[in-house]
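Asker: mind looking at a prediction? Sequence and model below.
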Amino acid sequence: MMKSYVFPGQGAQFTGMGKDLYDRFPEAREMFHEANDVLGFEITRLMFEGTEEDLRQTRVTQPAIFLHSVILARMLGDAFQPSMVAGHSLGEFSALVANGTLEFTDGLRLVFARALAMQKACEARPSTMAAILGLDDALVEQTLAGIDGIVVPANYNSPGQLVISGTFEAIDLACEALKAAGAKRALPLKVGGAFHSPLMEPAREELAEAIARTSFQAGRCPIYQNVDGKPHTDPAEIRRNLIDQLTAPVRWTQIMENMIADGCSEFIELGPGTVLQGLVRKVNKDIPAASGVV
């Protein structure tokens, strides 16, 4: 049986996340305390007791989800036997730590650097995202090409679910045009900015500098990366793809299709929430998908 472990991205956070791991496992407590030291603030307090508003700040959200996912994978111990891994956006960093490509503290530092750079880019150029439901990907792409301003496909989540990213004005125009083209819904999202779009170029440059200073090893299994949906094992390729991910769309539908084509017989989601399991079922309802538990 070939197991694929998948790691969620921003949006999966909730108050109390990771508290059960902290309470049950001494090693988890050590990792959480180490994270507080690395980050320079008590991420544990925000994860366990913070408000929804606290957890929505990019500088908090990204390390919080990363910690929940990575510590859960570590607590699985010998039961963690991946044939392949993938992570949605931010989750790609969790996957790389889980499969041994990155050390825990190196991964955390990169995630925090990424979060700060993205938050800065969002503040410099206000922008947003919207979910488009019930329309063919090609028709969404064709419609966006006719919109004035910056608006691009950002997350190919599953057939009939595509998230777009851009300036507020262009997103408003695109939502109206896509509804006119037949979209069932066009929903503005409560996010900090236009992730996975050209508006993240300043953040991409900052992340590239941080990645250049970080050591990457060959992992224990391939990671299917967001930028092309394909499996990668070469550390140099993985570095480049992580950098390009900030301004390129997340090809999650393609990742799942490729994993299934390559023999995946079960998806296990590690981290807060169950969003990725729902996306698996939209791609192929016959492949089992569940949450990883310890």
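Answerer: On my side now, so go ahead.

Asker: and stretch 47-62, how far out from the chain middle?
Answerer: 16 Å (Cα atoms, centre = their mean, to the nearest Å).

Asker: where's Asn155, which helix or strand?
Answerer: Following DSSP states H and E, one finds Asn155 within strand 151-158.

Asker: neighbouring contacts of that strand?
Answerer: 88-89, 129, 137, 140-141, 144, 162-167, 170-171, 173-174, 194-198, 249-254, 256, 279, 282-283 (Cβ atoms under 8 Å, 6 or more residues apart in numbering). (Each C-beta comes from the backbone N, C-alpha and C, glycine too.)

Asker: go ahead and produce CSV holding the CA coordinates of it.
Answerer: C-alpha atoms of strand 151-158 as CSV (Å, rounded to 0.1, in the frame of the first residue of the first chain):
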residue,chain,number,x,y,z
VAL,A,151,-5.8,38.9,-11.4
VAL,A,152,-4.6,35.4,-11.9
PRO,A,153,-5.4,31.7,-11.0
ALA,A,154,-3.9,31.0,-7.6
ASN,A,155,-5.1,27.6,-6.3
TYR,A,156,-6.3,24.8,-8.6
ASN,A,157,-7.9,23.0,-5.6
SER,A,158,-10.1,20.4,-7.3
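
Asker: would you mark the buried spots in that strand?
Answerer: Neighbour counts using 16 or more other Cβ atoms under 10 Å place Val151, Val152, Pro153, Ala154, Asn155, Tyr156, Asn157, Ser158 of strand 151-158 among the buried residues.

Asker: cool, and stretch 132-140?
Answerer: Per 16+ other Cβ under 10 Å, stretch 132-140 contains these buried residues: Ile132, Leu135, Val140.

Asker: and the residues you listed as TSV, adding distance to Ser291 and pLDDT?
Answerer: TSV is the format used below for these (distance: Cβ to Cβ, whole Å; pLDDT from 0 to 100):
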residue	distance to Ser291	pLDDT
Ile132	27	98
Leu135	30	97
Val140	30	98
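
Asker: among those residues, which one sits closest to Phe112?
Answerer: Nearest to Phe112 among the buried residues of stretch 132-140 is Ile132, at 30.9 Å by Cβ to Cβ.

Asker: contact partners of the one helix or strand in the chain whose mean pLDDT sits lowest?
Answerer: The helix or strand of the chain with the poorest confidence is helix 52-56; it has a mean of 91 (mean pLDDT, DSSP states H and E). Residues from elsewhere that reach helix 52-56 (Cβ under 8 Å, 6+ apart): Gln13, Phe14, Thr15, Leu46, Met47, Val60, Thr61, Ala64, Lys190, Gly192.

Asker: quick one: strands adjacent to the helix or strand that the strand holding Asn155 is followed by?
Answerer: Remark: after strand 151-158, the chain's next helix or strand is strand 161-167, criterion DSSP H and E. Applying DSSP bridges, strand 161-167 is found paired with strand 127-133 (antiparallel), strand 151-158 (antiparallel).

Asker: average model confidence for strand 161-167?
Answerer: For strand 161-167, mean pLDDT is 98.

Asker: give me the contacts around the helix or strand following that strand.
Answerer: Going down the chain from strand 161-167, the next helix or strand is helix 168-180, by DSSP H and E. Applying Cβ under 8 Å, 6+ apart, the external contacts of helix 168-180 come out as 126-130, 132, 135, 140, 143-144, 146-151, 164-166, 185-186, 188.

Asker: buried residues in the least confident helix or strand of the chain?
Answerer: Going by neighbour count (16+ other Cβ under 10 Å), the buried part of helix 52-56 is Asp54, Leu55, Arg56.

Asker: mind putting the residues you listed in a markdown table, distance to Val111 included?
Answerer: Output for the buried residues of helix 52-56, formatted as a markdown table (distance: Cβ to Cβ, whole Å):
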| residue | distance to Val111 |
| --- | --- |
| Asp54 | 17 |
| Leu55 | 15 |
| Arg56 | 16 |
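
Asker: confirm Val38 sits in a helix?
Answerer: Yes. Under DSSP: H, G, I helix; E, B strand; the rest coil, Val38 sits within a helix.

Asker: thought it was touching Leu108?
Answerer: Yes. Using Cβ atoms under 8 Å, Val38 is in contact with Leu108, at 5.4 Å.

Asker: who has more neighbours, these two?
Answerer: Leu108 (24 against 15; other Cβ atoms under 10 Å).

Asker: show me what contacts the more buried one?
Answerer: Taking Cβ under 8 Å, 6+ apart, one finds Ala35, Val38, Leu39, Pro63, Phe66, Leu67 in contact with Leu108.

Asker: nearest to Val6 among the residues you listed?
Answerer: Phe66 (14.1 Å).
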